[in-house]
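Student: Have a look at this prediction, sequence included:
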Amino acid sequence: MPDSFQIKLLSRQLLAPGVAHFCFQRCDGAALDYQPGQFIQLHFHYPDGTPTKRSYSLAGQRADISVAAPLIEFAASFVPGGAASALLQALPEGGVLEASGPYGRFCLQPGERNARTLLIATGTGVTPYRAMLPQLAQRMASDGLQVVLLQGARTQAELLYHADFLAFAARHPGFRYLP
């Protein structure tokens, strides 16, 4: 069952023009119990007070020795005039948001034994694939899975997590990265 919780912004880093990577931490110090491929929702209000929410695919959750709880990571595109974009751009480090989740079933299925997997994405759609890298590494090692990630972008600067995927491909011969 999805959980409601508060998250605190630890850092924000520009990934590409108009796209940032965010690192949050649950305020209660708990880890987020999720499967790679799932998303969380941020809850906020429009300027007129109307409640709303936006969904963000998780880019991973990793331990960081400098903080007490695992990091919750996602990428967000900044949309001109977008309410969530304005919120995320203005949020200072240490700022707190309401969130819920995890949601979704866009996950690698347990027990699935495909010989090959093709992953295709553009823009922030590549985010869940970054979260899946540890699972893919395990399946490549145990089952001989072969994976191809085809990532589309207008320019090389817009290839989100490009360095992560290149490094992963260099370490795992069963993974082909085709930007």
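Tutor: Ah, there it is.
Student: what residues are up against L160?
Tutor: 15-16, 19, 75, 123-124, 126-127, 151, 153 (C-beta atoms under 8 Å, 6 or more residues apart in numbering). (Glycine included, C-beta is placed from N, CA and C.)
Student: rerun that using 6 Å as the cut-off
Tutor: L160 makes contact with 15-16, 75, 126 under the criterion C-beta atoms under 6 Å, 6 or more residues apart in numbering.
Student: Just give me the residue right at the centre of this protein.
Tutor: With distances taken as C-alpha atoms, centre = their mean, A59 lies nearest the centre of the chain, 1.9 Å away.
Student: Quick check: closest non-adjacent residue to that residue.
Tutor: E73 (4.3 Å; C-beta to C-beta, 6 or more residues apart in numbering).
Student: Quick one: neighbours of that neighbour, just the number.
Tutor: Neighbour count of E73, defined by other C-beta atoms under 10 Å: 20.
Student: what are the pairing partners of the host helix or strand of it, and which direction each?
Tutor: Element membership of E73, judged by DSSP states H and E, is strand 71-77. Next to strand 71-77 in the sheet, as set by DSSP bridges, lie strand 19-26 (antiparallel), strand 51-62 (antiparallel).
Student: Just give me how far the last one sits from the chain centre.
Tutor: Strand 51-62 has its C-alpha centroid displaced from the chain centroid by 7 Å (C-alpha atoms, centre = their mean, to the nearest Å).
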